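Chemist: Here is a sequence with its predicted model. Questions after.
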Amino acid sequence: MRYNNLVIEIKVKKLTKFDKTRGLMGAEKAYPIFFMTHFGIHTFGLNFPIDVLILDRNNKIVKIVERLKPNRLFFWDLRFNNVVELPEKEIKKQGIKLKDIIKLTII
């Protein structure tokens, strides 16, 4: 059992306002991306599942979904708008848990 929240560094591509409408659509495989949006994403047009982290303004994880399949919708609390999409199984591989802090490195 873990008693402390971890700080986990993730290297991401930050999507601009225009890039985020496309997201990972058309990609052959998932790669880590970060963008801001309110309350929901979709996986229409993806050919692979993804892991998703929703962060508060301090980059603390407030919502996690693992292996979000293609052609799905995912919604969360309107108060949060920071989204990290990761390749499938990355959450498990890194041992990421709710309330962990994510240190984003933009590449």
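Modeler: On my side now, so go ahead. Residues are numbered from 1 along each chain as shown.
Chemist: neighbours of Lys97, just the number please.
Modeler: 13 (other C-beta atoms under 10 Å). All C-beta spots, glycine's among them, are computed from the backbone N, C-alpha and C.
Chemist: cool, and Ile61?
Modeler: Neighbours of Ile61 (other C-beta under 10 Å): 22.
Chemist: For beta bridges, what are the partners of it?
Modeler: Leu55 (DSSP bridges).
Chemist: go on, Phe35?
Modeler: The partner residues for Phe35, given DSSP bridges, come to Val83.
Chemist: In this structure it contacts Val83, no?
Modeler: Yes. The criterion here is C-beta atoms under 8 Å, and Phe35 meets it with Val83 at 5.6 Å.
Chemist: which one of those two has more residues nearby?
Modeler: Set Phe35 next to Val83 and count neighbours by other C-beta under 10 Å: Val83 wins out with 23 against 20.
Chemist: Pull the contacting residues for that one.
Modeler: Val83 makes contact with Phe34, Phe35, Met36, Thr37, Ile41, Val52, Leu53, Ile54, Leu55 under the criterion C-beta atoms under 8 Å, 6 or more residues apart in numbering.
Chemist: could you redo the last one with a cut-off of 10 Å?
Modeler: 15, 20, 23, 33-38, 40-41, 52-55, 63, 74, 76 (C-beta atoms under 10 Å, 6 or more residues apart in numbering).
Chemist: In strands, which of those fall?
Modeler: If you go by DSSP state E, the contacts of Val83 have Ile33, Phe34, Phe35, Met36, Gly40, Ile41, Val52, Leu53, Ile54, Leu55, Lys63, Phe74 in strands.
Chemist: just the residues you listed now: which is nearest Leu98?
Modeler: Minimum distance to Leu98 across the ones in strands among the contacts of Val83 is 7.8 Å, recorded for Lys63 (C-beta to C-beta).
Chemist: Spatially, what comes nearest to the closest one if we skip its sequence neighbours?
Modeler: Excluding its sequence neighbours, the residue lying closest to Lys63 (C-beta to C-beta, 6 or more residues apart in numbering) is Ile54, at 3.8 Å.
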